[in-house]
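Undergrad: starting from these lines, generate the structure:
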Amino acid sequence: MTILMGGVTEAIIKPVQDTSSGVGVEKIKGAESIKNNLQEKAKKKGTYIAQECIAQNEQLAVLYAGAVNTFRVITYLWNGEVFHVPLALRIGQGGSYLDNAHAGGMFIGVNDSGELNDEAFTEFGKRYKEHPDTHAVFKGYKLSFVPELIKTAKKLHLNAPQLGVISWDLTVDQNGEFVLIEANTRGQGIWISQMAHGCGPFGRNTEDILRYVASK
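TA: From the prediction side, this is the model:
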């Protein structure tokens with residue numbers, strides 16, 4: 001709390017465990033409001049984390065500036081090598097500060113060179129060729145930092161080789177630095193990637209992985 005009070009006037013406060021899809025995430029403005037909120041949280045059961053708000057990279061802000069838009073990068077270990085599932089970028093909309101699909105956001109496939117797919121989706125299958133608020137057109141829009149983002153996620157996985165699959169939530173700040181929002185190690189899903197890209201998640205490893213799963 002002491003660190004947050006050092007001039008921070010806007011913060012995100014959320015439960016640490018047993019939550020997903022933006023549930024319980026609060027954006028609090030004003031140093032006094034942040035302090036009061038944390039004091040109330042301290043009286044409750046459970047553990048909460050408070051973080052200073054991130055100023056996202058301009059390339060992401062062009063798409064939608066009202067939320068910190070994040071990448072879901074799923075990495076997995078297979079035969080001693082770290083692979084990644086096709087990337088999905090989650091984007092907020094409608095004035096919300098949440099980008100989660102279950103919280104009303106949209107998501108879009110991103111190829112390994114950083115180019116967005118033609119269409120974004122909501123969890124209910126609604127399609128967008130451009131963002132409804134900013135009117136940014138998705139087709140042909142390229143995020144230059146994506147190749148390095150993928151490399152970073154793979155390096156992160158090497159720090160936890162005991163885990164076969166990790167779903168990373170990553171973004172890029174205004175200075176071009178990669179920011180790890182969180183690492184999901186349970187309750188993971190691949191439906192966003194599959195829906196965004198219209199293909200299976202494991203590429204050339206699909207046959208071997210299915211054979212392995214079937215043998216268990």
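Undergrad: residues near residue 93, how many?
TA: 21 (other Cβ atoms under 10 Å). No exception for glycine: its C-beta is placed from N, CA and C like everyone else's.
Undergrad: repeat that for residue 68.
TA: Per other Cβ under 10 Å, the neighbour tally for residue 68 reads 25.
Undergrad: so it touches residue 52, yeah?
TA: No. With contact defined as Cβ atoms under 8 Å, residue 68 does not reach residue 52; the gap is 11.6 Å.
Undergrad: give the contact list for residue 167.
TA: Residues counted as contacts of residue 167 (Cβ atoms under 8 Å, 6 or more residues apart in numbering) are 72-74, 183-185, 188-189.
Undergrad: where does the chain have low pLDDT?
TA: Residue ranges of the chain with pLDDT under 70: 1-39, 41-43, 45-46, 48, 50.
Undergrad: where along it do the helices fall?
TA: 31-42, 58-61, 146-158, 191-197, 206-215 (DSSP state H).
Undergrad: how far away from the center of its chain is the third one?
TA: Relative to the centre of its chain, helix 146-158 is centred 14 Å away, using Cα atoms, centre = their mean, to the nearest Å.
Undergrad: please save the CA atoms from it in CSV.
TA: Output of helix 146-158 as CSV, limited to C-alpha atoms (Å, rounded to 0.1, in the frame of the first residue of the first chain):
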residue,chain,number,x,y,z
VAL,A,146,4.9,-9.4,-32.1
PRO,A,147,7.9,-11.5,-33.2
GLU,A,148,9.8,-10.4,-30.1
LEU,A,149,6.7,-10.9,-28.0
ILE,A,150,6.5,-14.5,-29.0
LYS,A,151,10.2,-15.0,-28.2
THR,A,152,9.7,-13.4,-24.8
ALA,A,153,6.8,-15.8,-24.0
LYS,A,154,8.9,-18.8,-24.9
LYS,A,155,11.8,-17.6,-22.7
LEU,A,156,9.3,-17.1,-19.9
HIS,A,157,8.2,-20.7,-20.2
LEU,A,158,11.8,-22.0,-19.9
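Undergrad: quick one: contacts of it?
TA: Outside of helix 146-158, the residues within contact range by Cβ under 8 Å, 6+ apart are 71, 73, 75, 77, 82, 84, 87, 110, 112-114, 163, 166, 168, 170, 172, 178, 180, 183.
Undergrad: mind checking which of the residues you listed are buried?
TA: 71, 73, 75, 77, 82, 84, 87, 110, 114, 166, 168, 170, 172, 178, 183 (16 or more other Cβ atoms under 10 Å).
Undergrad: doesn't residue 170 make contact with residue 182?
TA: No. Using Cβ under 8 Å, residue 182 makes no contact with residue 170, being 9.3 Å away.
Undergrad: just to revisit the earlier point, same list (the helices of the chain) but as TSV, adding mean neighbour count and distance to residue 129.
TA: TSV is the format used below for these (neighbours: other Cβ atoms under 10 Å; distance: least, Cβ to Cβ, whole Å):
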stretch	mean neighbour count	distance to residue 129
helix 31-42	14	39
helix 58-61	17	18
helix 146-158	17	20
helix 191-197	19	14
helix 206-215	10	29
